[in-house]
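Asks: I would like the atomic coordinates for the input below:
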Amino acid sequence: MVTIILLLSCDFWAVKNVTGRLMVGLRWWNHVDEDGKSHWVFESRKASAQESKTVSEAESRIFWLGLIACPVLWVIFAFSALFSFRVKWLAVVIMGVVLQGANLYGYIRCKVGSRKNLTNMATSYLGKQFLRQSAGDEQTS
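Replies: From the prediction side, this is the model:
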């Protein structure tokens with residue numbers, strides 16, 4: 001049990017600090033300022049011609065596939081441990097879900113941007129759809 005948790009921690013660190021930066025150019029971390037307030041920082045590397053060569057499409061797909069598949073696998077393990085009444089393994093499975101889920105959440109925030117950007121994108125999209133629908137209704141009238 002201890003070995004699995006240590007390996008999970010090593011995997012979390014490697015994906016967060018090395019793999020994400022090298023394979024897809026994304027990174028995230030927590031910064032505490034002088035006042036003691038915690039700030040989450042999500043970064044994505046600007047795409048240039050040379051960096052496009054460095055980050056290949058195949059590596060990016062492998063990274064995202066692994067990043068999405070691992071939390072799904074841990075959730076399946078969680079249901080398996082819960083329904084088979086193996087409560088002693090539930091702690092390990094919960095650690096797996098939390099660590100893999102945190103990496104997935106962090107990298108999605110890096111890829112999409114902050115919540116403000118996500119809200120602005122959703123509002124913009126809905127506004128465009130409304131305008132298209134309104135324009136389509138006026139043309140048919």
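
Asks: Flag the shaky bits of this protein, pLDDT-wise.
Replies: The chain contains residues with pLDDT under 70 at 46-55, 114-141.

Asks: same thing but 90
Replies: Applying pLDDT under 90 to the chain flags the ranges 1, 17, 20-34, 36-60, 85-89, 109-141.

Asks: And the helices in it?
Replies: 2-14, 20-23, 49-54, 57-83, 87-112, 115-140 (DSSP state H).

Asks: so how far is the shortest one from its chain's centroid?
Replies: Distance of helix 20-23 from its chain centroid, counting by C-alpha atoms, centre = their mean, to the nearest Å, is 13 Å.

Asks: got it, and the longest one?
Replies: What separates the centre of helix 57-83 from the centre of its chain is 12 Å, taken as C-alpha atoms, centre = their mean.

Asks: how far off helix 2-14 does it point, in degrees?
Replies: Helix 57-83 runs at 150 degrees relative to helix 2-14, counting by axes from the mean of the first three to the mean of the last three C-alpha atoms, to 10 degrees.

Asks: Does anything pack onto helix 57-83? Which helices or strands?
Replies: helix 20-23, helix 87-112 (3 or more C-beta pairs under 8 Å, 6 or more residues apart in numbering; DSSP states H and E). Backbone N, C-alpha and C define where each C-beta goes, glycine included.

Asks: Please name whichever of these is nearest to Ser44.
Replies: Closest of the helices and strands packed on helix 57-83 to Ser44 is helix 87-112, at 5.2 Å (criterion: C-beta to C-beta).
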